[in-house]
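A.B. asks: okay, predicted coordinates and the sequence, questions at the end:
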Amino acid sequence: MRDIIKLGVYLLIIGALAGIGVAYVNNATEPIITESAAEEKIAGLKEVYPDSDKIEDETDKYVNSSTPSEIKEVNVAYQGTKPVGVIYTVEPKGYSGPISTVVGFDIEKQEITRIKILSQSETPGLGDQCQAPWFLERFQGKKAAQPLRVTKQEPAEANEIVAITASTITSEAVTHGVNAAREHFLDHFGQ
């Protein structure tokens with residue numbers, strides 16, 4: 001009986017020390033992880049609208065209770081003091097979870113500059129292809145005036161996006177997020 005109590009105490013001490021160690025490592029690495037995520041986001045913003053002097057977060061100005069829930073952030077790209085682009089962070093629901101996407105628009109041309117997937121948890125080898133350059137390039141240069149549609153064939157219209165093979169839900173989710181940003185862009189920056 002005495003050996004069982006000793007063993008229980010040892011296990012309790014080892015478990016407590018392991019828990020303290022994990023908590024310490026988590027606290028020590030949290031700021032580094034947060035900083036890394038912020039740097040990745042800034043790089044993503046600059047990637048979708050590279051022709052700007054500065055990018056300012058104007059979410060408080062453009063997002064309210066009537067804004068679609070997919071829109072998480074609105075940034076405006078400036079050249080000097082002139083707004084030249086708008087960069088949205090949207091999070092549509094994909095097959096396996098939210099797909100955090102950055103969508104850039106050119107104010108003068110009224111078109112999509114680029115999109116970039118910041119994070120996703122889609123099926124490896126299928127839905128995760130939404131991060132592939134060949135898929136992202138399908139959105140580049142699309143006019144903001146027309147809603148985008150997913151198709152499984154070669155596009156017959158300028159506003160059609162070819163789906164990722166075997167990943168229609170993911171393709172539609174990304175397109176849905178881009179369309180939410182596109183509608184908001186037209187409402188606030190359309191000419």
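C.D. replies: Looks like it arrived, so ask away. Numbering: from 1, shown residues only.
A.B. asks: which stretches of the chain form strands?
C.D. replies: Applying DSSP state E to the chain gives strands spanning 54-57, 71-79, 82-90, 100-106, 111-119, 149-151, 160-162.
A.B. asks: list the contacts of stretch 39-46.
C.D. replies: Outside of stretch 39-46, the residues within contact range by CB atoms under 8 Å, 6 or more residues apart in numbering are 52, 55, 75, 77, 87, 89, 102, 104, 116, 118. Glycine gets a C-beta too; all of them are placed from N, C-alpha and C.
A.B. asks: same list, the strands of the chain, but as a markdown table with mean neighbour count, distance to residue 21 and mean pLDDT please.
C.D. replies: Formatted as a markdown table, the strands of the chain follow (neighbours: other CB atoms under 10 Å; distance: least, CB to CB, whole Å; pLDDT from 0 to 100):
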| stretch | mean neighbour count | distance to residue 21 | mean pLDDT |
| --- | --- | --- | --- |
| strand 54-57 | 14 | 37 | 94 |
| strand 71-79 | 20 | 35 | 97 |
| strand 82-90 | 22 | 35 | 97 |
| strand 100-106 | 26 | 31 | 97 |
| strand 111-119 | 20 | 28 | 96 |
| strand 149-151 | 16 | 48 | 96 |
| strand 160-162 | 17 | 48 | 95 |
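A.B. asks: okay if I get those strands as JSON lines plus distance to residue 179?
C.D. replies: Shown next, in JSON lines, are the strands of the chain (distance: least, CB to CB, whole Å):
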{"stretch": "strand 54-57", "distance to residue 179": "22"}
{"stretch": "strand 71-79", "distance to residue 179": "11"}
{"stretch": "strand 82-90", "distance to residue 179": "9"}
{"stretch": "strand 100-106", "distance to residue 179": "10"}
{"stretch": "strand 111-119", "distance to residue 179": "11"}
{"stretch": "strand 149-151", "distance to residue 179": "9"}
{"stretch": "strand 160-162", "distance to residue 179": "10"}
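A.B. asks: wait, which of the ones you listed is closest to residue 18?
C.D. replies: When the strands of the chain are compared by CB to CB, strand 111-119 sits nearest residue 18, at 29.4 Å.
A.B. asks: next one: that closest one to chain centre, how far?
C.D. replies: Between the centre of strand 111-119 and the centre of its chain there are 8 Å (CA atoms, centre = their mean, to the nearest Å).
A.B. asks: CA atoms only for that strand, dumped as PDB, please.
C.D. replies: Extracted in PDB, the C-alpha atoms of strand 111-119 (Å, rounded to 0.1, in the frame of the first residue of the first chain):
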ATOM      1  CA  GLU A 111     -10.300  45.200 -60.500                       C
ATOM      2  CA  ILE A 112      -8.700  42.500 -58.300                       C
ATOM      3  CA  THR A 113      -4.900  42.900 -58.100                       C
ATOM      4  CA  ARG A 114      -4.200  39.600 -56.400                       C
ATOM      5  CA  ILE A 115      -5.300  37.300 -53.700                       C
ATOM      6  CA  LYS A 116      -3.300  35.300 -51.100                       C
ATOM      7  CA  ILE A 117      -4.300  32.600 -48.700                       C
ATOM      8  CA  LEU A 118      -2.900  33.300 -45.300                       C
ATOM      9  CA  SER A 119      -4.200  30.200 -43.600                       C
END
